[in-house]
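**Q** Pasted the sequence and its predicted model underneath.
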Amino acid sequence: MSDKIPVTVLTGYLGAGKTTLLNRILTEQHGKKYAVIVNEFGEIGIDNDLVVGADEEVFEMNNGCICCTVRGDLIRIIEGLMKRRGKFDAIIVETTGLADPAPVAQTFFVDQDVSDKARLDAVVTVADAKWLTERLKDAPEAKNQIAFADVIILNKTDLVSAEELAEVEARIRAINPYAVLHKTQRAAVPLDAVLGRNAFDLDRILEIEPAFLEEGDGHHHDHDHGHAHDHECGPGCDHDHGGGLKHYHDEHMQSVSIKLGEVDPEKFMPWINDLTQREGPKILRSKGILAFKNEPKRFVFQGVHMILDGDLQRDWKANEERQSRLVFIGRDLDGDMIRAGALACAA
Ligand SMILES: Nc1nc2c(ncn2[C@@H]2O[C@H](COP(=O)(O)OP(=O)(O)OP(=O)(O)O)[C@@H](O)[C@H]2O)c(=O)[nH]1
């Protein structure tokens, strides 16, 4: 048991602060070596590029339905890591904001090879104090992420009043009275609040999810995809949720990914500001790494609805192509309009 490698699953809805927390963990003086596995919604990997850390290795899982392709991918990556044992002290899995944590957590129990060598240390859920209340109404994944958490990081307390904070905390407690909860700005928590918790409690999960340990028969899928449209699970999906929580895949969620060359900041800044102000309610998440003309540093922007952040970060490396990449995630996005607007910012 004790020589099993601990795995921390980092979850939380789009833009809650998972990468912020991950970077905080990785930049702290910990003297440990972590393997980081990220799984991103959207065609162009941006997140893995924003994870800092010279010592860590970052592995990217495929996009897609976490219960099918991604789970196979997760197993494959972990098995690969196991072959190189001794090199890592722990594994951290950052799931997409749209992922249901159940199938990820389940992997550590139902897959024999994985469960022989790795143990789920804790599910850590980052919650956005500003937006969680809204998401609990329209995004079942957000609720499941809270329900499954052993540790909850209630982040972005700077964006809400004391009353709003108390309200969102009460909502969290109504779903999950057990998790240890930390209120933070910029996900500032001590490392030991998140790692090495030995907190995953299978009995509690079986109470809320009685079928958690049951592997499906490989054909039967009764997880609810949120609407009438039938979801085709790919081969290899052996995932079956019985009773307990409802599990959804939000198939209305789209991502628009754009690549272009150098960008003119004089065009880009007003465009992105205007776009996120106008379309902010629909754009749940936006992010990009931009090559501004005549600028040696990479400009990184991050948006959650209409709240935008952006700054110049590290230099472009000599061997790196000066390419701009943008991703927008949301419902009912006008992809053509967004794409045309972005391309018009070319330098
Ligand atoms: N105001 C405020 N902004 C924050 C805080 N923590 C993180 N952010 C910002 O929120 C945005 C999203 O943070 P990320 O850490 O990228 O969120 P994420 O959960 O990894 O996002 P996805 O992986 O896309 O789902 C970034 O612009 C952060 O700088 C906070 O405590 N307060």
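**A** Nice, I can see it.
**Q** Run through the strands of the stretch 101-250 of the chain in chain order.
**A** Ranges of strands in the stretch 101-250 of the chain, per DSSP state E, counting those that start in this stretch, are 118-128, 151-155, 180-183.
**Q** and of the ones you listed, who's closest to the ligand?
**A** strand 151-155 (4.8 Å; C-beta to the nearest ligand atom). Bear in mind the C-beta positions are built from the backbone N, C-alpha and C, glycine included.
**Q** which residues are contacting the helix or strand that contains residue 8?
**A** With elements delineated by DSSP states H and E, residue 8 resides in strand 5-11, which encompasses its position. In this structure, residues lying in contact with strand 5-11 by C-beta atoms under 8 Å, 6 or more residues apart in numbering are 18, 21-22, 78, 81-82, 85, 88-95, 99, 101, 104-105, 108, 117-126, 145, 148-149, 194-198.
**Q** now stretch 307-315: how far from the chain's centre is it?
**A** Shown here is stretch 307-315, whose average C-alpha point lies 19 Å from the average C-alpha point of the whole chain (C-alpha atoms, centre = their mean, to the nearest Å).
**Q** and residue 295, helix, strand or coil?
**A** At residue 295, secondary structure determined by DSSP: H, G, I helix; E, B strand; the rest coil is coil.
**Q** Who are the contact partners of it?
**A** Counting by C-beta under 8 Å, 6+ apart, residue 295 makes contact with 265, 312.
**Q** circling back to that earlier point, give me the angle between the strand holding residue 8 and strand 118-128.
**A** Orientation of strand 5-11 against strand 118-128 (axes from the mean of the first three to the mean of the last three C-alpha atoms, to 10 degrees) gives an angle of 20 degrees.
**Q** thinking again about what came up before, what about burial for the contacts of strand 5-11, which qualify?
**A** 18, 21-22, 78, 81-82, 88, 90-95, 99, 101, 104-105, 108, 117-126, 145, 148-149, 194-195, 197 (16 or more other C-beta atoms under 10 Å).
**Q** Over to the residue nearest the centre of the chain: give its phi and psi.
**A** Compute the mean C-alpha point of the chain, and by C-alpha atoms, centre = their mean the closest residue is residue 96, 3.0 Å away. Here is the backbone geometry of residue 96 (degrees, to the nearest 10): phi -70, psi 160.
**Q** Start at 239, not 1
**A** Let's use 239 as the start, then, which means that last one is residue 334.
**Q** looking at it, it is touching residue 277, isn't it?
**A** Yes - Residue 334 sits in contact with residue 277 when judged by C-beta atoms under 8 Å, with a separation of 5.3 Å.
**Q** before we move on, back to that, per-residue pLDDT, the residue nearest to the centre of the chain?
**A** In this model, residue 334 is scored at 79, pLDDT.
**Q** And it, how far from the ligand?
**A** To the ligand, residue 334 is 6 Å away according to C-beta to the nearest ligand atom, to the nearest Å.
**Q** Give the buried residues for the helix or strand just after the strand holding residue 246.
**A** Per DSSP H and E, the first helix or strand lying C-terminal to strand 243-249 is helix 256-265. Applying a neighbour-count criterion of 16+ other C-beta under 10 Å, one finds 256, 257, 258, 259, 260, 261, 262, 263, 264 buried in helix 256-265.
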